[in-house]
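S.K.: dropping a prediction and its sequence here:
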Amino acid sequence: MTDTAQIGLATPEAPEPGLREFISLLKPRVMSLVIFTALAAMFAAPSGVHPIEAFSALICIAVGAGAAGALNMWWDADIDAEMTRTRARAVPMGMVEPGEARNFGLGLALLSVMVLGVVSNWLAAGLLAFTIFFYVVIYTIWLKRWTPQNIVIGGAAGAFPPIVAWAAVTGDVALAPILMFLIIFLWTPPHFWALALWRCRDYAGVSVPMLPVVAGDAATRRQILLYTILMVPVTISPAFTEAGGPIYAAVAVYVSAVFLRDALRVARRTEAMAEADRYAAEKRLFGFSIVFLFALFGAFIADAALRVALAAAGVTAAWPVWF
Amino acid sequence: MSEVFRREHALHHRRRGRNLGVLAGLLGLVVMLFAITVVKMGGQQGATLGNPSASQAGGWGAEAMVAPFRSDDGGTQ
């Protein structure tokens, strides 16, 4: 078939997708969170691997996360087309055919897992494969449209990268990366439900049982507070593992206090109060939740840098490592 | 006729961008595998990344305060 003939087939509904459309399938914004949390785990892990090995593992984890995103966009194209937040995505816009998104995602998933196995170890590769499987099959295909706790389950998938990264550089899994997992796992519900509170109408029109739609505004506010209360001790505890330190402890206490204050403020409001100021407190909680996660994982990196500096200077500083 | 040329140009532009993306990805993979091979063949020499407190007894060095399960062999690879 000649190019000219193909041009004849190319309709405005299905144009030739470019590089930009394929990159957008990888959900670059979500990928940035994955890269950052994985990088922090690599810095915090007692590994001593060569930076090229760590960088290669990081690329594999990022590509694996992107592949899961592409597969999510393939499966969710029907509901993405109905929601304001997602209707501009490449598949519902008709820029990429669903089959292309699926093949792209499967290909990258396979490639990222195999390369991670080769450059790091097969424990990390297995964990990455499980993460992709969990996000695509357990969350996207099975539970997302079935339970209002879908965000909790999706949060677990998004919380795996630090464990994968830790395993990639140490060949093992310890308590510290499990606590990192728990932080992201417990952080996800308040983060997304704060968004869902003011995007409620968006979700109501599609077949996704988001908590504010199914259980109501008041129940969602209580759940936000509940998950935040559970999250606070989990957030502070890594300070006293081999991955933590004084910088992490200080940052964790401060950002947890602010998060708890904002969640309390949201929990005490009613839907009418929120509509009166256009969901100001909910938007603030959502915005701060992003700062919260980046601050915590940034603190892991800062503590690792401090330890390197102290070790280089030959200074021995005491810090309690209880776990 | 001009419409055909305009579409052909857009199509080729997109396809070229996509092909260059594939090329960059493949070259990146080759470079990464080559660099990893060099590193693994050369052993763990030079700069390392990671928390030295467990692997090099640096940082929070008070022995009594360090977790009992800490690794003394600097992790595994």
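M.R.: Yep, it's here. Residues are numbered from 1 along each chain as shown, chains lettered A, B, ... in the order given.
S.K.: ok, longest helix in the chain?
M.R.: Since no chain was named, I'll use chain A. The single longest helix within chain A, with elements called by DSSP state H, is helix A:280-313.
S.K.: sorry, I should have been clearer: chain B.
M.R.: Among the elements of type helix in chain B, defined by DSSP H, the one spanning the most residues is helix B:2-41.
S.K.: that one - contacts with which helices or strands?
M.R.: Under the contact criterion of 3 or more CB pairs under 8 Å, 6 or more residues apart in numbering or on different chains; DSSP states H and E, helix B:2-41 touches helix A:3-9, helix A:19-25, helix A:51-75, helix A:98-119. Every residue, glycine included, has its C-beta placed from N, CA and C.
S.K.: quick check: mean pLDDT of that helix?
M.R.: Helix B:2-41 carries an average pLDDT of 82.
S.K.: quick one: that helix to helix A:51-75, angle?
M.R.: Computed with axes from the mean of the first three to the mean of the last three CA atoms, to 10 degrees, the direction of helix B:2-41 lies at 140 degrees from that of helix A:51-75.
S.K.: got the buried residues for helix B:2-41?
M.R.: When neighbours are counted by 16 or more other CB atoms under 10 Å in any protein chain shown, the buried residues of helix B:2-41 are found to be B:7, B:11, B:14-15, B:17-18, B:32, B:35-36, B:39.
S.K.: out of those, which one sits closest to residue A:187?
M.R.: Nearest to residue A:187 among the buried residues of helix B:2-41: residue B:32, at 31.5 Å, using CB to CB.
S.K.: the closest one: what's it in contact with?
M.R.: Residues counted as contacts of residue B:32 (CB atoms under 8 Å, 6 or more residues apart in numbering or on different chains) are A:56, A:59, A:115, A:119.
S.K.: filter those down to the ones close to chain B.
M.R.: Checked against chain B using CB under 8 Å from any CB of the partner chain, these give the following subset in range: A:56, A:59, A:115, A:119.
S.K.: from these, which is closest to residue A:211?
M.R.: Out of these, the one with the shortest distance to residue A:211 is residue A:59. That distance is 35.1 Å, counting by CB to CB.
S.K.: quick one: the closest residue to the closest one other than its chain neighbours from residue A:131, how far?
M.R.: On the basis of CB to CB, 6 or more residues apart in numbering or on different chains, the spatially nearest residue to residue A:59 that is not a chain neighbour turns out to be residue B:32, at 6.8 Å. Here the distance between residue B:32 and residue A:131 works out to 21 Å (CB to CB, to the nearest Å).
S.K.: hmm, back to that, pLDDT and neighbour count added to the ones next to chain B among the contacts of residue B:32, as a markdown table?
M.R.: Rendered in a markdown table, the data for these read as follows (pLDDT from 0 to 100; neighbours: other CB atoms under 10 Å in any protein chain shown):
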| residue | pLDDT | neighbour count |
| --- | --- | --- |
| A:56 | 95 | 24 |
| A:59 | 96 | 18 |
| A:115 | 96 | 22 |
| A:119 | 93 | 25 |
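S.K.: what is the burial count for residue A:299?
M.R.: Applying the criterion other CB atoms under 10 Å in any protein chain shown, we find 25 residues in the vicinity of residue A:299.
S.K.: isn't it right up against residue A:246?
M.R.: No: under the contact definition of CB atoms under 8 Å, residue A:299 does not touch residue A:246, with a separation of 9.6 Å.
S.K.: now for these two: what residues contact both?
M.R.: Taking CB under 8 Å, 6+ apart as the criterion, residue A:299 and residue A:246 do not both touch any residue.
S.K.: against residue A:269, how distant is the residue in the stretch 201-323 of chain A that chain B sits nearest to?
M.R.: Among the residues of the stretch 201-323 of chain A, residue A:311 lies closest to chain B, at 2.5 Å counting by CB to the nearest CB. Between residue A:311 and residue A:269 the distance, using CB to CB, works out to 48 Å.
S.K.: same thing with residue A:109?
M.R.: According to CB to CB, residue A:109 stands 41 Å off from residue A:269.
S.K.: how about residue A:301, what does it touch?
M.R.: Under the criterion of CB under 8 Å, 6+ apart, the contact partners of residue A:301 comprise A:39-40, A:43-44.
S.K.: let me fix that: residue A:149
M.R.: With contact set as CB under 8 Å, 6+ apart, residue A:149 has these partners: A:143, A:211.
S.K.: can you check what pLDDT the model gives it?
M.R.: According to the prediction, residue A:149 has pLDDT 86.
S.K.: swap in residue A:126?
M.R.: In the prediction, the pLDDT value recorded for residue A:126 is 98.
S.K.: residues of the helix or strand containing it that come out buried?
M.R.: When secondary structure is defined using DSSP states H and E, the element that contains residue A:126 is helix A:122-133. Buried residues in helix A:122-133, defined by neighbour count with 16+ other CB under 10 Å: A:123-125, A:127-132.
S.K.: elements contacting that helix?
M.R.: Using 3+ CB pairs under 8 Å, 6+ apart, helix A:122-133 sits against helix A:51-75, helix A:98-119, helix A:161-170.
S.K.: if you compare the ones you listed, which one is most tucked away?
M.R.: Among the helices and strands packed on helix A:122-133, judged by mean count of other CB atoms under 10 Å in any protein chain shown, the one packed with the most neighbours on average is helix A:161-170 (a mean of 30).
S.K.: and the next helix or strand past that one?
M.R.: Using DSSP H and E, the next helix or strand after helix A:161-170 towards the C-terminus is helix A:175-198.
S.K.: from the contact counts, what lies against the helix or strand that that following helix is followed by?
M.R.: Taking DSSP H and E as the definition, the helix or strand that follows helix A:175-198 towards the C-terminus is helix A:200-204. On a contact count with 3+ CB pairs under 8 Å, 6+ apart, helix A:200-204 meets helix A:211-214.
S.K.: which pLDDT value goes with residue 52?
M.R.: As the question left the chain open, I've gone with chain A. According to the predicted model, the pLDDT of residue A:52 comes to 92.
S.K.: that's the wrong chain, I meant chain B
M.R.: Model confidence at residue B:52, expressed as pLDDT, equals 59.
S.K.: contacts only, for residue 24.
M.R.: No chain in the question, so chain A it is. Residue A:24 makes contact with A:89-90, according to CB under 8 Å, 6+ apart.
S.K.: wait, which of the buried residues of helix A:122-133 is closest to residue A:105?
M.R.: The shortest separation between residue A:105 and any of these is 8.7 Å, and it belongs to residue A:132 (by CB to CB).
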